[in-house]
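Visitor: Pasting the sequence and the predicted coordinates here, then a few questions.
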Amino acid sequence: MLDKRTKRCSMQYSIMGMSYRSKLPEIIDSVASSCSDKGCFEHIDSAVIPSRESIVEIIDLFKDVLFPGYFGDQTVERSNLIYHIGNEINELFEKLSKQVTNSILHECRRTEEDCAECIEKGQEETVMLLRKIPQIRSLLAADIIAAYEHDPAAKGYDEIIFSYPGIFALMVYRIAHELNEQDIKILPRIMTEYAHSVVGIDIHPGAKIGKGFFIDHGTGVVIGETSEIGDNVRIYQGVTLGSLSFPRGEEGQILRDLKRHPTIEDDVVIYSNSTILGGDTVIGARSVIGGNVWLTRSVPADTKVLIEEPKLVFKDRTSS
């Protein structure tokens, strides 16, 4: 039972709350009116944006389909493989086609185009992506093998699949990249930004990345939209493949369709915290870029780029 003091405080709180709640309609009107201010942002009278929560569920389903038996709570055997994958693919189709359709509807209404075909197109684009799953699995297998071959700390493929942040980031990127190639808006970026938030590796879905790509450690890696990366490339934590500048048009607007990020040819190694910038910058095949290097120009094939060893000063702590 509540004591008298508690009851009195509760009553006072309710009375004060009623007094202040009377001020809320004015605030509501003010906020609603501000939605007419073109200097602010709103998403009214528009199609539903793809759901981040649903996209996370879709990524989890893709994990199970791309790596059968590794994730989920069901034992997968050869005898039930078709049944298991059938359930996952059907669920993927239902959830993914809805989000792809939302992406298409959003773009159509934004450009005031006819949306009558959007639902069918969403399902068609989803089937197109699902057909690419064997191809994506093959690329990821090459990435996993590269991780094992180049990381002496790796004890086996299972450890890499379960725990390496670079493999998770690449899995999400390779799915998102295919959607990006199919010209699906918003959805691919939500996918890769989710992976970025989880493992700290930022890969734009528009980047082109070859097979056997290994990101060691990975924290702080940034790979920009127009980056092109060849086969069997290795990069370490803190590497940035970025833009040197943002070209602008006559009216000062950013030109978005130009190549702004570097090209990395086959078999290149880029060590930690190096930054490579510019759409005209090409790192030639089999080159090695040392740690903490800042590059804004091309490097010929078979070149090592290193920073001179800094001068270190050692002092006796007991001396003045």
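Guide: In hand now; what should we look at?

Visitor: Low-confidence bits of the stretch 201-320 of the chain, can you list those?
Guide: The model of the stretch 201-320 of the chain has pLDDT under 70 over residues 320.

Visitor: Which stretches in it count as strands?
Guide: Ranges of strands in the stretch 201-320 of the chain, per DSSP state E, counting those that start in this stretch, are 202-203, 208-209, 214-216, 222-223, 228-229, 234-236, 240-242, 263-264, 269-270, 275-277, 282-283, 288-289, 294-295, 304-305.

Visitor: what's the closest of those to residue 159?
Guide: strand 214-216 (13.9 Å; Cβ to Cβ). (Glycine included, C-beta is placed from N, CA and C.)

Visitor: Describe which strands that closest one pairs with in its sheet and in which direction.
Guide: strand 234-236 (parallel) (DSSP bridges).

Visitor: what's the neighbour count on residue 212?
Guide: If you count neighbours by other Cβ atoms under 10 Å, residue 212 ends up with 22.

Visitor: From here on, call the first residue 17.
Guide: Yep, numbering from 17; the last one is residue 228 now.

Visitor: can you pull out the helices in the protein?
Guide: With DSSP state H as the criterion, the chain has helices at 20-37, 40-50, 68-82, 97-126, 134-147, 149-166, 173-179, 181-197, 203-215.

Visitor: among the ones you listed, which is the most enclosed?
Guide: Ranked by mean neighbour count, the helices of the chain are led by helix 181-197 with a mean of 23 (mean count of other Cβ atoms under 10 Å).

Visitor: Please name every helix or strand in contact with that helix.
Guide: helix 68-82, helix 134-147, helix 149-166, helix 203-215, strand 218-219, strand 224-225, strand 230-232 (3 or more Cβ pairs under 8 Å, 6 or more residues apart in numbering; DSSP states H and E).

Visitor: I'd like the mean pLDDT over it, please.
Guide: Throughout helix 181-197, pLDDT has a mean value of 98.

Visitor: chain center to that helix, what's the gap?
Guide: How far helix 181-197 lies from its chain's middle: 7 Å, per Cα atoms, centre = their mean, to the nearest Å.

Visitor: same question, stretch 305-320
Guide: So, by Cα atoms, centre = their mean, the centroid of stretch 305-320 is 26 Å from its chain's centroid.

Visitor: Contacts for it next, please.
Guide: 252, 260, 281, 284-294, 296-304, 321-323 (Cβ atoms under 8 Å, 6 or more residues apart in numbering).

Visitor: What is the end-to-end distance of it?
Guide: 6 Å (Cα to Cα, to the nearest Å).

Visitor: in that stretch, what's buried?
Guide: Of the residues in stretch 305-320, 305, 309, 311, 315 count as buried by neighbour count, 16 or more other Cβ atoms under 10 Å.

Visitor: Looking at those, which one is closest to residue 149?
Guide: For these, the nearest to residue 149 is residue 305 (33.8 Å; Cβ to Cβ).

Visitor: Quick check: beta-bridge partners of the closest one?
Guide: The partner residues for residue 305, given DSSP bridges, come to residue 286, residue 321.

Visitor: now it: how far from residue 320?
Guide: 8 Å (Cβ to Cβ, to the nearest Å).

Visitor: for residue 242, same thing?
Guide: For residue 242, the distance to residue 320 - Cβ to Cβ - is 26 Å.

Visitor: Same question for residue 58.
Guide: From residue 58 over to residue 320 the distance is 53 Å, taken as Cβ to Cβ.

Visitor: pLDDT at the most centrally placed residue in the chain, what is it?
Guide: Centroid-nearest residue in the chain: residue 208, 1.4 Å away (criterion: Cα atoms, centre = their mean). Listed pLDDT for residue 208 reads 98.

Visitor: Could you tell me which residues make contact with it?
Guide: Contacts of residue 208 (Cβ under 8 Å, 6+ apart): 188-189, 192, 218-221.

Visitor: Closest one to residue 328 out of the residues you listed, please.
Guide: Among those, residue 218 lies closest to residue 328 (Cβ to Cβ), at 32.7 Å.

Visitor: partner residues bridging the closest one?
Guide: residue 238.

Visitor: okay, now it: neighbour count?
Guide: Residue 218 has 18 nearby residues by other Cβ under 10 Å.

Visitor: who's in contact with it?
Guide: Contacts of residue 218 by Cβ under 8 Å, 6+ apart are 208-209, 212, 237-239.

Visitor: what about it, distance to residue 256?
Guide: Counting by Cβ to Cβ, the gap from residue 218 to residue 256 is 9 Å.

Visitor: what do you get for residue 272?
Guide: Applying Cβ to Cβ to residue 272 and residue 256 gives a distance of 20 Å.

Visitor: which of the two has more neighbours?
Guide: Taking other Cβ under 10 Å, residue 272 and residue 256 do not tie; residue 256 has more neighbours (21 against 11).

Visitor: which residues touch the more buried one?
Guide: Contacts of residue 256 (Cβ under 8 Å, 6+ apart): 237-238, 290-293.

Visitor: Cool, thanks, talk later.
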